[in-house]
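Asks: sequence below, structure please.
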Amino acid sequence: MDNIVSLCKRRGFIFPGSDIYGGFAGTWDFGPLGVMLKKNLMDAWWSYWVDKRDDIFGIDAAILMNPTTWEASGHTATFADPLVECKNCHGRFRADKLVEGGNESITTEEFKSKNPKCPTCGKSDWSDIRKFNMMFKTHVGPVEDASSVAYLRPETAQGIFVNYKNVIDTLYPSLPFGLAQQGKAFRNEISPRDFILRDRECSQMEIEYFVKPETWETEFEKLLKEINEFLIKVIGLDPQKLRLEEVAEKDRAHYSKRTIDFMFQYPNGEEELMGLAYRTDFDLKNIERVSGKSMDYRDKITNEVFTPHVIEPSIGVERLFLAVLTNFWDEEKGILHLPESLAPYKFCVSPLLKNKPDLVEKAREVYNLLKEKYTFVTWDDSGNIGKRYKKQDEIGTPKCVVIDFDTLKDGTVTVRNRDTSEQVRVNISEL
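Replies: Next up, the predicted model:
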């Protein structure tokens with residue numbers, strides 16, 4: 001993990017948040033290359049799940065929502081982690097992460113019976129466990145009192161659910177159909193850790209797929225296959241690093257009747273990459289109960305009226321980002337073997353020597369040609385050609401194009417392949 005963190009900072013993928021002021025725990029800033037890779041991942045997800053199909057539609061809901069949203073969804077009461085405090089150094093930690101096999105429902109008795117040591121001071125003198133709600137609280141308007149309390153959303157899903165009625169009243173799609181959203185979510189983690197795996201501000205990509213109650217198992221299996229296809233064939237993750245885990249009832253979220261987690265082998269061990277959850281009609285029924293407005297759907301063919309059930313594929317962008325770096329980074333060779341569809345830059349164009357005006361002028365001509373066609377093209381004339389190759393290998397650029405003195409004679413350039421180091425001469429017109 002240290003090597004990947006170093007790569008991210010060295011090459012401008014990810015920086016610690018507010019680093020110049022000493023940092024701010026649980027926050028990370030995406031640099032120029034990180035923004036490009038992140039966008040490519042989000043575009044790949046949107047293309048696969050929304051653009052290329054006719055049963056899933058996009059939505060973009062507000063981050064700030066009426067606080068009743070979180071009461072109806074159960075987050076106000078249940079969105080909490082087990083917090084424990086070391087009585088010696090007063091460090092605060094998630095109790096379930098300090099013991100082997102711990103889960104979010106761990107009791108004080110279970111925790112203390114395992115006698116875990118404090119990660120900070122090494123002592124084993126603990127407070128009782130208490131529940132800590134992870135929603136960030138804020139105030140809306142000029143007066144800070146109970147009536148102005150609001151929350152930063154802890155998930156994007158509720159923005160979809162509160163707009164379900166708007167969509168069926170305007171678009172009136174046939175079942176099954178889905179609503180997809182990409183956006184920020186905020187969780188006040190007790191102890192953010194493991195780089196961008198567990199942070200306080202993240203981006204989510206979620207789909208709420210609305211189905212007839214009696215068909216949920218069939219639709220669940222379809223989505224399961226499609227997720228596998230997306231992760232392995234579209235993104236290119238190694239199936240040997242992926243494992244499906246059926247989540248036990250005691251470990252499932254309060255709204256779920258079945259959940260499968262896609263586990264990935266990260267540098268620090270196996271962690272959840274994404275989940276597929278069957279949320280039943282929990283959310284729509286709660287909205288109906290609290291708002292007093294019907295969430296029923298009328299079938300266009302049978303005229304049957306019912307409340308749809310929901311299946312949710314949900315993935316964190318940062319977790320996918322780190323999985324991609326883990327999957328494609330070759331530490332020994334110093335090469336990031338990104339698929340061309342994900343690489344921040346498709347080409348790097350260089351003059352062999354930057355102090356030769358004729359070479360620079362020709363290289364700029366080639367750069368402009370490629371830039372017009374491929375957009376994601378970079379220019380590099382710093383250092384010798386070997387150092388340029390090393391830099392481009394580390395950031396995942398598939399091809400380096402070098403303009404040399406032969407280019408001025410015959411119009412050919414050297415194209416170097418990132419993965420094989422093979423170099424071929426190609427005519428500029430054939431690039």
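
Asks: what packs against the longest helix seen in the chain?
Replies: Across the chain, the longest stretch assigned as helix under DSSP state H is helix 357-374. Secondary-structure packing of helix 357-374 (3 or more Cβ pairs under 8 Å, 6 or more residues apart in numbering; DSSP states H and E): strand 347-351, strand 377-379, strand 399-403, helix 405-410. For the C-beta atoms, the positions are set from N, CA and C on the backbone; glycine is no exception.

Asks: got the contact list for the third one?
Replies: Applying Cβ atoms under 8 Å, 6 or more residues apart in numbering, the external contacts of strand 399-403 come out as 346-352, 359, 362-363, 366, 370, 385, 388-389, 392, 413-418, 431.

Asks: that one: how far from the chain's middle?
Replies: Put simply, strand 399-403 sits 32 Å off its chain's centre (Cα atoms, centre = their mean, to the nearest Å).

Asks: buried residues in it, which are they?
Replies: By neighbour count with 16 or more other Cβ atoms under 10 Å, strand 399-403 contains the buried residues Lys399, Cys400, Val401, Val402, Ile403.

Asks: just the CA atoms of that strand, as PDB, please.
Replies: The C-alpha trace of strand 399-403 is given here as PDB (Å, rounded to 0.1, in the frame of the first residue of the first chain):
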ATOM      1  CA  LYS A 399       2.200   4.700 -26.400                       C
ATOM      2  CA  CYS A 400       5.100   7.100 -26.600                       C
ATOM      3  CA  VAL A 401       5.700   8.900 -29.900                       C
ATOM      4  CA  VAL A 402       9.300  10.300 -30.500                       C
ATOM      5  CA  ILE A 403      10.200  12.700 -33.300                       C
END
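
Asks: compute the inter-axis angle for it and strand 347-351.
Replies: Counting by axes from the mean of the first three to the mean of the last three Cα atoms, to 10 degrees, strand 399-403 lies at 20 degrees to strand 347-351.

Asks: what strands line up against strand 399-403, and which way round?
Replies: Strand 399-403 has its sheet partners listed here by DSSP bridges as strand 347-351 (parallel), strand 412-417 (antiparallel).

Asks: helix or strand next in line after the longest one, which one?
Replies: For strand 412-417, the succeeding helix or strand toward the C-terminus, using DSSP states H and E, is strand 423-427.

Asks: please name the nearest non-neighbouring residue to Glu206.
Replies: Excluding its sequence neighbours, the residue lying closest to Glu206 (Cβ to Cβ, 6 or more residues apart in numbering) is Ser314, at 4.5 Å.

Asks: same question, Gln392
Replies: Excluding its sequence neighbours, the residue lying closest to Gln392 (Cβ to Cβ, 6+ apart) is Cys348, at 4.7 Å.

Asks: for Val415, see how far away that neighbour is.
Replies: 11 Å (Cβ to Cβ, to the nearest Å).

Asks: look at the two and report which has more neighbours.
Replies: Cys348 (24 against 17; other Cβ atoms under 10 Å).

Asks: beta partners of that one?
Replies: Thr378, Cys400.

Asks: can you tell me how far it is from Val377?
Replies: In terms of Cβ to Cβ, Cys348 sits 7 Å off from Val377.

Asks: ok, Thr78 next?
Replies: On the measure of Cβ to Cβ, Thr78 and Val377 end up 49 Å apart.

Asks: and Arg425, by the same measure?
Replies: 20 Å.

Asks: ok, Glu270 next?
Replies: For Glu270, the distance to Val377 - Cβ to Cβ - is 38 Å.

Asks: so for these two, which residue has more residues nearby?
Replies: A direct count of neighbours by other Cβ under 10 Å for Glu270 and Val377 places Val377 higher, at 21 against 13.
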